[in-house]
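Trainee: Quick one, what's the 3D model for this:
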Amino acid sequence: MNAALLDSVVDIARRAGAEILDVYASQDVGARTKADDSPLTLADLRAHRVIVESLHELTPEIPVLSEESADEVPWEERRRWQRYWLVDPLDGTKEFLSRNGEFTVNIALIEDHTPVLGVVHVPVRATTYSGRSGAGAWRRRDEGAAEPLRVQSHAASPVRVVGSKSHRGDTLDAFLARLGPHELVPVGSSLKFCMVAEGAADIYPRLGPTSEWDTAAAQAVVCAAGGLVLRLDGQPLDYNAKADILNPHFVVYADRSRDWLALLAAS
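Mentor: Down below sits the predicted model:
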């Protein structure tokens, strides 16, 4: 796994983003509802096609699991995969439909249940976050050069918390009450991870539902930037270890001097 592979995936994500923006600018986004009641648009499908076709061409030996075709891959096949691409062509479809710009393209390479390469592209902002295990993390704006990313190793005061715009419950409120002085910033999609990775936020507690394709790419970015993505039992969030693709609750942070998990366990 080298820098050239990451650059190629960045290019694929940006091309998928261009497809999304083309639909975003139109009057009819072709929205409909999937079996799980989540929305699906023409932008999801166009981005999915670009990404899957491009990854098959780039690495024909590596299987691809995309949110928009996951039902086609049975667990008995998927459980044998040691290395695969995990894709969310349009993370934040609700944000896309509400036109707030907070949606992303997520592409991750998973090896032995761990994201080792990840790209998160933000089409409206023309910004791309990327990370590679053992090599580092970067942010690219427009056609500019890649800027190295590093988490903020000491939390600010008040603590900067990012949370979901679409999912908030009593458990998060209980955590915030125990946390003390804080600033809560509601953000859509995998941008919450990216804010921790670039030092713009201190912690992202996720105490609601997510799927593996929602988190893998951004987890790779955060970890490459020096942060942690842990389940509430303190173990790293892992992938393709069970038949369903739902994540347990987890937390993303950088400051290792504070016991965030204890605060969450008490919530």
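
Trainee: for the helix or strand Glu183 falls within, packing partners?
Mentor: Mapping Glu183 onto the secondary structure by DSSP states H and E places it in strand 182-187. Judged by 3 or more CB pairs under 8 Å, 6 or more residues apart in numbering; DSSP states H and E, strand 182-187 is in contact with strand 159-164. The way it works is simple: take the backbone N, C-alpha and C, and place the C-beta from them, glycine included.

Trainee: next SSE after the strand it packs on?
Mentor: Following strand 159-164 in sequence order, the next helix or strand is helix 170-179 (DSSP H and E).

Trainee: Give me the residues contacting that next one.
Mentor: 159, 161, 163, 182, 184, 205, 207-208, 263-264, 266-267 (CB atoms under 8 Å, 6 or more residues apart in numbering).

Trainee: Run the angle between the strand holding Glu183 and strand 159-164 for me.
Mentor: Angle, strand 182-187 to strand 159-164, by axes from the mean of the first three to the mean of the last three CA atoms, to 10 degrees: 30 degrees.

Trainee: what are the pairing partners of strand 182-187, and which direction each?
Mentor: strand 159-164 (parallel) (DSSP bridges).

Trainee: mind listing what's buried in the partner strand?
Mentor: By neighbour count, and taking 16 or more other CB atoms under 10 Å as the criterion, the buried residues in strand 159-164 are 159-164.

Trainee: and which of the residues you listed is nearest to Arg256?
Mentor: Taking CB to CB as the measure, Arg256 sits nearest to Val159 out of the buried residues of strand 159-164, at 14.3 Å.

Trainee: from what I can see that closest one touches Leu184, true?
Mentor: No. Shown here, Val159 and Leu184 do not form a contact pair, counting by CB atoms under 8 Å, at 9.4 Å.

Trainee: where along the chain do the helices fall?
Mentor: Counting by DSSP state H, residue ranges of the helices within the chain are 3-24, 42-58, 75-78, 93-98, 170-179, 191-197, 212-224, 260-265.

Trainee: Which one of these lies nearest to Leu232?
Mentor: Counting by CB to CB, Leu232 lies closest to helix 260-265 out of those; the figure is 5.7 Å.

Trainee: just checking, Tyr239 touches Asp214?
Mentor: No. Tyr239 sits out of contact with Asp214 when judged by CB under 8 Å, with a separation of 11.4 Å.

Trainee: what pairs with the lowest-mean-pLDDT helix or strand in the chain, and is each one parallel or antiparallel?
Mentor: Among the secondary structure pieces of the chain, namely its helices and strands, strand 32-33 has the lowest mean (mean pLDDT, DSSP states H and E), a mean of 73. Strand 32-33 has the following sheet partners, assigned by DSSP bridges: strand 39-40 (antiparallel).
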